[in-house]
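Participant: Predicted model and sequence follow; I will ask about them next.
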Amino acid sequence: MIGYVTLGTNDLPRAAAFYDKIAQAMGVSRMMESESFIAWGAPGGAAGIGLTKPHDGNAATVGNGVMVALECKDRAQVDAIYNLAISLGAKCEGPAGERWPGFYAGYFRDPDGNKLNAFIMS
């Protein structure tokens with residue numbers, strides 16, 4: 001149902017370096033970009049993620065209660081994405097682990113404070 005998710009950033013080059021590595025670990029790459037916007041994903045694949053400087057010229061802010069969930073292929077990939085994000089300067093919002101039977105996830109905030117998780121549901 002979701003086509004893509006866009007998050008705001010105040011520092012596109014810094015955010016791009018973070019998401020380039022997360023995307024690579026998930027097997028995708030940049031698929032669109034301009035001076036103020038970059039999107040990662042695979043055309044025809046699952047939902048992608050985009051980063052943009054806000055179009056209204058105001059500072060990007062984090063939505064309270066907003067989170068982007070990155071679907072992984074297995075628990076090992078959840079662990080790898082979570083650990084990679086932390087190594088790239090993400091803030092831990094809950095280490096990778098089983099949250100309830102069949103749902104395994106790790107939560108983190110990117111360098112702009114946007115909340116994400118890497119998860120697998122079995």
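Facilitator: That came through fine.

Participant: Give me the distance between the residue of the chain most remote from its centre and Ser122.
Facilitator: Residue distances from the centre of the chain (C-alpha atoms, centre = their mean) peak at Pro101, which lies 23.7 Å from the mean C-alpha position. Look at Pro101 and Ser122: by C-beta to C-beta, to the nearest Å, they are 9 Å apart. Using the backbone N, CA and C atoms, a C-beta is placed for each residue, glycine as well.

Participant: Where do the strands of the chain begin and end?
Facilitator: Along the chain, the stretches classed as strands by DSSP state E are 4-8, 29-33, 37-41, 48-52, 67-71, 91-100, 103-109, 115-121.

Participant: how about Gly113, what does it touch?
Facilitator: 62, 91 (C-beta atoms under 8 Å, 6 or more residues apart in numbering).

Participant: What is the neighbour count of Lys21?
Facilitator: As a burial measure, Lys21 scores 15 neighbours (other C-beta atoms under 10 Å).

Participant: ditto for Ser29
Facilitator: Ser29 has 11 neighbours, counted by other C-beta under 10 Å.

Participant: Kindly report the same for Leu116.
Facilitator: The local packing of Leu116 (other C-beta under 10 Å) involves 24 other residues.

Participant: What score does it have for pLDDT?
Facilitator: If you check Leu116, the pLDDT there is 95.

Participant: what do you get for Met1?
Facilitator: pLDDT, Met1: 62.

Participant: And Val62, by the same measure?
Facilitator: 88.

Participant: Number of residues surrounding it?
Facilitator: 14.

Participant: what's near enough to touch the residue nearest to Leu84 when sequence neighbours are not counted?
Facilitator: Spatial nearest neighbour of Leu84, chain neighbours left out: Ala25 (5.4 Å); criterion: C-beta to C-beta, 6 or more residues apart in numbering. Residues near Ala25 by C-beta under 8 Å, 6+ apart: 77, 80-81, 84.
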